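Asker: Have a look at this fold, sequence not included:
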């Protein structure tokens, strides 16, 4: 950043929005992207479900209404962070197109990079890192995305990553390429 | 910022929290502090009532419960922004000590600078920039801070600014002095 940049209003940052099924690899990828961005000198906070539900969204449960609200607030905070010049990395299942479109609408055109972390349901279910699919199949979790609640795939995400076919390094490289283009470097 | 800094996790920023009656000068001061910080090369987003209620808190009204929630969310976002290395400037009446204490608890010790923007009620009411005191006196606004709802003065704010006695420049200088000490510069 040049001295001249510092005197101007904060340059607009970016939102990188990871969406996909539970177990698709959103958190793994978002952390890897954060690391790469930091190595390049960018500040890149990650907002994921755990971070949000521990603080800003601690009043929300898992009803359909509360899930929409969780995504809405993530979008609002991501917008504020981008406006402040950060690269805000969001990692949320965010299964509904309308919720993701609302988040996109909060930042200037070109400043929202939607990354569809795409792995087949069968793969996610087999990984079942958190044991959630097993519980969902046993009807212990109502409205579980992919099982008893829909996941609306992005129709035109900036990037689709087949996380079952690409390595993390390959995926990060794809994402960084688009991000750096958007940042004009 | 040195190249070495950039490779490390984002250095923790600060929260500068302006509290005081409506009309005390919180927004004016917060904007002036933001400008000074930007001139010094810091990124300093301002979260005030208008910004929050236009987005993150657009679902909230003005009931006591919703006002607490508004302050809670501001604190949560300020904490995330400080964690991401920003100097987050919050300007909210935030009349209750417990709400402000909760916001303070979200950032590391020394990273929360509470600024009590102190002007006598009579002065604020005389200014009445938004015409709110007139409405409150006419019972058109229920639970208006200072009139029909309490304002709990900070007991040990880092800074108290008598906005009716000091110029904006004098107030900003006081605040910047503390902020720069806290940032170790």
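Answerer: Yep, that arrived. On a predicted model such as this, the values are computed, not experimentally measured, just so you know.

Asker: secondary structure class for residue A:74?
Answerer: What DSSP: H, G, I helix; E, B strand; the rest coil gives for residue A:74 is helix.

Asker: Residue A:161 should be in a strand, yeah?
Answerer: Yes: membership of residue A:161 in a strand is supported by three-state DSSP.

Asker: Look up the pLDDT of the residue nearest to it when sequence neighbours are not counted for me, please.
Answerer: Nearest residue to residue A:161, sequence neighbours excluded (C-beta to C-beta, 6 or more residues apart in numbering or on different chains): residue A:171, at 4.5 Å. Using the backbone N, CA and C atoms, a C-beta is placed for each residue, glycine as well. With respect to pLDDT, residue A:171 scores 97.

Asker: so residue A:171 touches residue A:165, yeah?
Answerer: No: counting by C-beta atoms under 8 Å, residue A:171 does not reach residue A:165; the two are 9.6 Å apart.

Asker: out of those two, which sits in the more crowded spot?
Answerer: Legend: neighbour count by other C-beta atoms under 10 Å in any protein chain shown for residue A:171 and residue A:165, higher for residue A:171 (22 against 11).

Asker: For the more buried one, give me the backbone phi and psi.
Answerer: The phi/psi pair for residue A:171 (degrees, to the nearest 10) reads phi -60, psi -50.

Asker: Same check on the one 3 residues further on?
Answerer: Comment: the main-chain dihedrals of residue A:174 come out as phi -60, psi -50, following degrees, to the nearest 10.

Asker: For the closest residue to it other than its chain neighbours, give me its contacts.
Answerer: Nearest residue to residue A:174, sequence neighbours excluded (C-beta to C-beta, 6+ apart): residue A:159, at 5.9 Å. Counting by C-beta atoms under 8 Å, 6 or more residues apart in numbering or on different chains, residue A:159 touches A:113-116, A:174-175, A:178.

Asker: any idea which of those has the most stuff around it?
Answerer: residue A:115 (28 neighbours).

Asker: Do a quick rundown of the strands in chain A.
Answerer: Secondary structure of chain A by DSSP state E: the strands cover A:14-19, A:46-48, A:87-91, A:112-118, A:159-162.

Asker: In the last one, which residues are buried?
Answerer: With burial defined by 16 or more other C-beta atoms under 10 Å in any protein chain shown, the residues of strand A:159-162 counted as buried are A:159-161.

Asker: Could you dump the strands of chain A into a markdown table and include distance to residue B:144?
Answerer: Listed next are the strands of chain A as a markdown table, based on distance: least, C-beta to C-beta, whole Å:
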| stretch | distance to residue B:144 |
| --- | --- |
| strand A:14-19 | 37 |
| strand A:46-48 | 35 |
| strand A:87-91 | 36 |
| strand A:112-118 | 39 |
| strand A:159-162 | 49 |
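
Asker: What's the local residue count around the nearest residue to residue A:103 once chain neighbours are set aside?
Answerer: Spatially, and ignoring its direct neighbours in sequence, residue A:103 is nearest to residue A:75 (2.9 Å; C-beta to C-beta, 6+ apart). Look at residue A:75: counted by other C-beta under 10 Å, it has 29 neighbours.

Asker: just residue A:73 next, same as before
Answerer: If we define neighbours as other C-beta under 10 Å, then residue A:73 has 23 of them.

Asker: residues in contact with it?
Answerer: Per C-beta under 8 Å, 6+ apart, neighbours of residue A:73: A:52, A:56-57, B:56, B:73.

Asker: still on that earlier bit, tell me the one of the contacts of residue A:159 nearest chain B?
Answerer: residue A:113 (17.9 Å; C-beta to the nearest C-beta).

Asker: If the closest one is in a bridge, with which residues?
Answerer: With DSSP bridges as the criterion, residue A:113 is bridged to residue A:16.

Asker: I'd say it and residue A:180 touch.
Answerer: No: using C-beta under 8 Å, residue A:113 makes no contact with residue A:180, being 10.8 Å away.

Asker: quick one on the thing from earlier: just the contacts of residue A:73: which are in helices?
Answerer: Judged by DSSP state H, the contacts of residue A:73 include A:52, B:73 as members of helices.

Asker: for residue A:113, what are its contacts?
Answerer: A:14-17, A:158-159, A:175, A:178-179, A:182 are the contacts of residue A:113 under C-beta under 8 Å, 6+ apart.

Asker: Using pLDDT, spot the least trustworthy of those.
Answerer: Among those, residue A:182 has the weakest pLDDT, 92.

Asker: so what's that residue up against?
Answerer: The contact partners of residue A:182, by C-beta under 8 Å, 6+ apart, come to A:14, A:110-111, A:113.

Asker: Was I right to think residue A:20 contacts residue A:121?
Answerer: No: using C-beta under 8 Å, residue A:20 is not in contact with residue A:121; the gap is 10.6 Å.

Asker: neighbour count winner among these two?
Answerer: Counting neighbours by other C-beta under 10 Å for residue A:20 and for residue A:121 shows that residue A:20 has the greater number, 29 against 16.

Asker: Kindly present the contacts of residue A:73 as CSV, with separate columns for distance to residue B:81.
Answerer: Formatted as CSV, the contacts of residue A:73 follow (distance: C-beta to C-beta, whole Å):
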residue, distance to residue B:81
A:52, 14
A:56, 11
A:57, 16
B:56, 12
B:73, 12
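
Asker: Just the closest of the contacts of residue A:73 to residue B:63, please.
Answerer: residue B:73 (14.8 Å; C-beta to C-beta).

Asker: So the closest one versus residue B:171, what's the distance?
Answerer: 27 Å (C-beta to C-beta, to the nearest Å).

Asker: Over to residue A:140?
Answerer: Residue A:140 is 57 Å from residue B:171, by C-beta to C-beta.

Asker: show me the residues around the closest residue to residue A:120 other than its chain neighbours that make contact.
Answerer: Counting by C-beta to C-beta, 6+ apart, residue A:164 is the residue found nearest to residue A:120 once chain neighbours are left out, at 6.6 Å. Applying C-beta under 8 Å, 6+ apart, we find residue A:164 in contact with A:119-120, A:123.
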